[in-house]
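Colleague: just need the structure, nothing else, for what follows:
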Amino acid sequence: MLLTVFTPTYNRSEHLYLCYQSLLSQRFKDFEWLIIDDGSTDGTKDLIEKFRLENKINIRYIYQENSGKQAAWNRGILNARGDYFIGVDSDDALVDDSLILFFKKYIPIIKDDKNIIGIRALSKNNTSQYADSTYSIDKEFSINSWFDEFSSRIFGERIDILKTSLIKGYLYPVEDDIKFIPELWFYSTISRKYKFLYVNKYLRLFFDGHNNNRLSRSSLEQHAKGHLISRTAMLKNIPLKYFIKNPVALIKTVVRWLQCSYFIVKNK
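Modeller: From the prediction side, this is the model:
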């Protein structure tokens, strides 16, 4: 099997139909839809069973007690049967018929390159109909380090198609009391060794209001251990020259590290 489309979900059954419909719209069919249900109580299991009985795409469903998104991600990777792995949240959708373009045109570019871990494609905001991330590569595609994106000071939603065999070596270091680790841990860690093929084509559609990346003080305190793991990885892995290009990120990273350390000591 060529691709695993992984969807972690927790009580988001009202959004899953849109995600499902976007998968049905794909002419590319060599994929499985792997849903990891992180303890939902809203009828998610019954809805997925309804989808499965329609027998239109290959669906696998795994239930786990509520352990957090990163634990679900780890489990998804370990259970993936596809050579490539793409994460699509339960309230996201793939752009209609987009997979066939990526697997015909761009996957062959990275397939045998051991220095490239995957593709970073554009995500379209459903409200504005524009790319959320304006980080520009000035061409249709280009091989870049995520560190270059980081140092550009331009952030926003993107989506990755990753080589399953490689990301199995980069599972999130979750524990029983750590249910959330920011994705910056993943990107700063893998980028010490691998690059991405950045592609200026839309693959994902996300909806305003469903995603909220603002970090509240209560969230930071609640997940202090996970944030500390992420910020420590950033300080360890991101070369100084990239922080020099983005000094605000350096200051923010150090401040977050200190805040998390304080919260951990405070709540012992």
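
Colleague: most centrally placed residue in the chain?
Modeller: Of all residues in the chain, the one closest to the mean position by C-alpha atoms, centre = their mean is residue 87, 5.4 Å from it.

Colleague: thought residue 73 was touching that one, still the case?
Modeller: Yes: between residue 87 and residue 73 there is a contact under C-beta atoms under 8 Å: 6.9 Å. Where C-beta positions appear, they are placed from N, C-alpha and C, glycine not excepted.

Colleague: need the overlap of contacts for these two.
Modeller: Shared contacts of residue 87 and residue 73, defined by C-beta atoms under 8 Å, 6 or more residues apart in numbering, comprise 6, 8.

Colleague: packing partners of the longest helix anywhere in the chain?
Modeller: Ranked by residue count, the top helix of the chain under DSSP state H comes out as helix 247-266. Packing partners of helix 247-266 (3 or more C-beta pairs under 8 Å, 6 or more residues apart in numbering; DSSP states H and E): helix 217-222, helix 224-237, helix 240-245.

Colleague: then that helix to CSV, C-alphas only?
Modeller: Provided in CSV are the C-alpha atoms of helix 247-266 (Å, rounded to 0.1, in the frame of the first residue of the first chain):
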residue,chain,number,x,y,z
PRO,A,247,15.8,36.5,17.3
VAL,A,248,12.2,36.9,18.4
ALA,A,249,11.8,33.1,18.2
LEU,A,250,15.0,32.6,20.3
ILE,A,251,13.7,35.0,23.0
LYS,A,252,10.3,33.3,22.9
THR,A,253,11.8,29.9,23.2
VAL,A,254,13.9,30.8,26.2
VAL,A,255,11.0,32.5,27.9
ARG,A,256,8.7,29.5,27.3
TRP,A,257,11.4,27.2,28.6
LEU,A,258,11.7,29.2,31.8
GLN,A,259,8.0,29.4,32.2
CYS,A,260,7.5,25.7,31.8
SER,A,261,10.4,25.0,34.3
TYR,A,262,8.7,27.3,36.8
PHE,A,263,5.3,25.6,36.4
ILE,A,264,6.7,22.1,36.8
VAL,A,265,8.5,23.1,40.0
LYS,A,266,5.4,25.0,41.3
